[in-house]
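J.: Below: sequence and its predicted model.
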Amino acid sequence: MALVLPVMVPGTGHAAAGNDGLFPAPTDILHVAALHAAGFRGQGVSVGIIARGARNLQDLTKAGIPPPKVETLSVKPGTGDQGDRMLQVVHDIAPQAKLGFCAARNTREAVTCAEALI
């Protein structure tokens with residue numbers, strides 16, 4: 001039987017948030033709190049997300065859950081919620097970054113999305 005220990009946030013003595021402390025949250029891995037304290041919050045940066053879909057984006061926005069404003073370039077909303085999750089993680093890391101989203105179901109659509117997001 002293997003012993004599984006929680007991942008600890010360096011210098012705090014506390015388990016990292018995420019999956020009951022067994023895995024660190026992305027914001028902990030990247031030391032986002034320190035970056036934000038130093039003034040790095042994504043200002044002047046644009047981030048484009050390409051995923052199969054962000055089907056919950058409108059509901060999340062209405063509920064006040066970040067990201068608050070996303071430029072959506074897809075005609076179709078796509079399927080799945082991978083885009084919702086990616087947008088939320090990027091927003092947590094860089095809350096002042098301009099976010100764009102495009103749904104792609106195949107390589108051709110991904111290329112079209114990449115060109116639109118640039």
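T.: Here it is on my side, so go on. Numbers count the residues shown, from 1 in each chain.
J.: Tell me, please, where in this structure the pLDDT is lower than the cut-off.
T.: 1-23, 66, 75, 77 (pLDDT under 70).
J.: Check which helix or strand the residue most central in space within the chain maps to.
T.: The centroid of the chain falls nearest to residue 89 when counting by CA atoms, centre = their mean (2.3 Å). Using DSSP states H and E, residue 89 maps to helix 82-93.
J.: Identify the residues contacting that helix?
T.: Outside helix 82-93, the residues within contact range by CB atoms under 8 Å, 6 or more residues apart in numbering are 26-27, 30, 32, 35, 42, 47, 49, 51-57, 60, 65-67, 70, 97, 99, 101, 103. All C-beta atoms are positioned from the backbone trio N, CA, C, and that covers glycine.
J.: May I have the strands that pair with the next helix or strand after that helix, each with its orientation?
T.: Later in the chain than helix 82-93, the nearest helix or strand by DSSP H and E is strand 98-103. Neighbouring strands of strand 98-103 in its sheet, by DSSP bridges, are strand 46-51 (parallel), strand 70-72 (parallel).
J.: Just say which of those strands is most tucked in.
T.: strand 46-51 (a mean of 19; mean count of other CB atoms under 10 Å).
J.: Report all helices and strands that the helix or strand following it contacts.
T.: With elements assigned by DSSP H and E, the helix or strand that comes after strand 46-51 is helix 57-62. Contacting helix 57-62 under the criterion 3 or more CB pairs under 8 Å, 6 or more residues apart in numbering; DSSP states H and E are the following elements: strand 70-72, helix 82-93.
J.: Can you give the contact residues for helix 57-62?
T.: 66, 67, 68, 69, 70, 72, 77, 83, 84, 87, 88, 101.
J.: among those residues, which ones are buried?
T.: Buried members of these, counted by 16 or more other CB atoms under 10 Å: 66, 67, 70, 72, 77, 83, 84, 87, 88, 101.
J.: Tell me the one of the contacts of helix 57-62 nearest residue 107?
T.: The closest of the contacts of helix 57-62 to residue 107 turns out to be residue 83 (CB to CB; 17.0 Å).
J.: Chain neighbours aside, what residue packs nearest to that closest one?
T.: Ranked by CB to CB, 6 or more residues apart in numbering and with sequence neighbours excluded, the top spatial neighbour of residue 83 is residue 54, at 3.2 Å.
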